[in-house]
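Engineer: Dropping a prediction and its sequence here:
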Amino acid sequence: MNFSSLRPIAEPEARLRFVNRRTRRSDTIQLNAKGNFRPRTMVTADPGDVLNIYGFCGRWIKVGQIEIPPPTPDGLPKIAPFRGNKVAFRVAAINGRVFDGRPRAGDVVQGELSNCHLAAAAAAVAHFRPEALILKARGRLYEATVFSAGRGRRILVDRELYYRPSGELIFGQNGLMQSTRPAWWPILEKACATALGGYSALDRGGTAHWALHMITGLPPRHRLLAPDYEQEHWRDLASVLATSSPIIATTPARTNRNSGIVQDHCYTVLGCREHRSRRWITLRNPWGEMTPPGVRRWRDGVFEMPWLSFLRHFSGLSFVDTRPP
């Protein structure tokens, strides 16, 4: 099921194939026009099975896997995080330090909320201005500073987070609940949700430049992109990157289904380069996966694509003004 109807599984009408490693059984499904599961979508598996997931984009490409947890013990509390979904989840204190060394963009994985704007912003800030992440532990609580209209607000949140019996966090993820993983992203997301009135507020989506301001307190900026202004956009991007400003690239509500680029989505800009008269831009999908075909890719949803192709598929750039007032 879709935990959040606003958080698409993949592109509209995309085909996904689930292959059971144990039985080799293959189930192929087609998503609906919004990129969500159709009603009563079923894939057969037993507790402990592992399903490889493939997406079709010209050819079948492995995009991830699902580990089916062991049978759920009796007596788990019935918790409805938002919108009254009747699903049993565990609630436990997250373990681990706030930061484990320098924060990285790869620490951020968007969970079941449609808050790609906040996830992409957190990854961008970690990559370019990690000092702007103001979080610390206070006994059994965490304290985070978030901003609104330029004014900082200190938010105290507890360590309790929702997670599945498999150990995976429901909302902002940092991998499995292991003490070796930094806790800053799930805690920052919870602080932002607290400041706005709950996780449901984050699930309604938002703008990338607003999310950057909420984390850093710096004045937000946004620029629309048009292929006819390739040179100007490249100069602007290079000059903004030179100031170590976190940058987010946004896509329009309708994109080419075969591009592998998610529509109405935010990506973190990690850098750009020019080599032998060709220009390239490096991006990261905050899902931590799902990169377009035919590009140079790395782990954690990072890929590099040609600049001209980027201008065809992306509609805007959001960043912050780092100049002193």
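Structural biologist: Arrived safely. Bear in mind the structure is a predicted one, so any value in this text is a computation, not a measurement.

Engineer: going forward, measure contacts and count neighbours with C-alpha atoms only.
Structural biologist: Will do.

Engineer: Would you confirm that H222 contacts T250?
Structural biologist: No: using CA atoms under 8 Å, H222 is not in contact with T250; the gap is 10.0 Å.

Engineer: Now tell me what touches the top strand by length along the chain from outside.
Structural biologist: The strand that spans the most residues within the chain, counting by DSSP state E, is strand 266-275. Residues from elsewhere that reach strand 266-275, judged by CA atoms under 8 Å, 6 or more residues apart in numbering: 116-117, 120-121, 123-124, 127, 208, 238, 241, 246-251, 279-286.

Engineer: Is it possible to mark the buried ones in those?
Structural biologist: Buried members of those, counted by 16 or more other CA atoms under 10 Å: 116-117, 120-121, 123-124, 127, 208, 241, 246-251, 280-286.

Engineer: taking these one by one, which sit in helices?
Structural biologist: C116, H117, A120, A121, A123, A124, H127, A208, L241 (DSSP state H).

Engineer: could those go into JSON lines alongside distance to H275?
Structural biologist: Output for those, formatted as JSON lines (distance: CA to CA, whole Å):
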{"residue": "C116", "distance to H275": "31"}
{"residue": "H117", "distance to H275": "30"}
{"residue": "A120", "distance to H275": "27"}
{"residue": "A121", "distance to H275": "28"}
{"residue": "A123", "distance to H275": "26"}
{"residue": "A124", "distance to H275": "24"}
{"residue": "H127", "distance to H275": "23"}
{"residue": "A208", "distance to H275": "29"}
{"residue": "L241", "distance to H275": "17"}
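
Engineer: Let me know the closest of the residues you listed to R104.
Structural biologist: Distance to R104 across these (CA to CA) is lowest for H127, with 5.6 Å.

Engineer: right, and the closest one touches A105 too?
Structural biologist: Yes: here H127 reaches A105: they are 5.4 Å apart, a contact under CA under 8 Å.

Engineer: now the end-to-end length of stretch 51-66.
Structural biologist: 5 Å (CA to CA, to the nearest Å).

Engineer: Please identify the buried residues of that stretch?
Structural biologist: Applying 16+ other CA under 10 Å to stretch 51-66 flags L51, N52, I53, Y54, G55, C57 as buried.

Engineer: shaky segments in the stretch 151-300 of the chain?
Structural biologist: Scanning the stretch 151-300 of the chain for pLDDT under 70 picks out the ranges 165-166, 174-180, 255-257.

Engineer: tell me the strands in it, going along the chain?
Structural biologist: 151-158, 160-163, 220-224, 247-250, 266-275, 278-284, 296-297 (DSSP state E, counting those that start in this stretch).

Engineer: Out of these, which one sits most buried?
Structural biologist: strand 247-250 (a mean of 28; mean count of other CA atoms under 10 Å).

Engineer: residues in contact with that one?
Structural biologist: 120-121, 124, 208-209, 241, 264-270, 314-320.

Engineer: rerun that using 6 Å as the cut-off
Structural biologist: Applying CA atoms under 6 Å, 6 or more residues apart in numbering, the external contacts of strand 247-250 come out as H265, C266, Y267, T268, V269, F314, S315, G316, L317, S318, F319.

Engineer: From those residues, pick the one nearest G152.
Structural biologist: Using CA to CA, those come closest to G152 at F319, 18.7 Å.

Engineer: Identify the bridge partners of the closest residue to that closest one other than its chain neighbours.
Structural biologist: Using CA to CA, 6 or more residues apart in numbering and skipping residues adjacent in sequence, the residue nearest F319 is I247, 4.5 Å away. Applying DSSP bridges to I247 yields these beta-bridge partners: V269, F319.

Engineer: what does R221 give?
Structural biologist: F319.

Engineer: likewise A137?
Structural biologist: Going by DSSP bridges, A137 forms beta bridges with Y142.

Engineer: what's the burial count for the nearest residue to L224 once chain neighbours are set aside?
Structural biologist: With CA to CA, 6+ apart as the criterion, L224 has its nearest non-adjacent residue at 4.3 Å, and that residue is G316. G316 has 18 neighbours, counted by other CA atoms under 10 Å.

Engineer: could you measure G316 against R221, distance?
Structural biologist: 11 Å.

Engineer: what's the answer for R276, then?
Structural biologist: Following CA to CA, the distance that separates R276 from R221 is 31 Å.

Engineer: likewise I9?
Structural biologist: Following CA to CA, the distance that separates I9 from R221 is 29 Å.

Engineer: swap in V295?
Structural biologist: Counting by CA to CA, the gap from V295 to R221 is 28 Å.

Engineer: is it fair to say G64 lies in a helix?
Structural biologist: No: the assignment for G64, made by DSSP: H, G, I helix; E, B strand; the rest coil, is strand rather than a helix.

Engineer: Test my guess that it contacts I53.
Structural biologist: Yes: between G64 and I53 a contact is recorded at 5.2 Å, counting by CA atoms under 6 Å.

Engineer: Domain-wise, how is this structure divided?
Structural biologist: 15-67, 78-214, 218-320 (automatic domain parsing).

Engineer: out of these, nearest to F3?
Structural biologist: domain 78-214 (6.3 Å).
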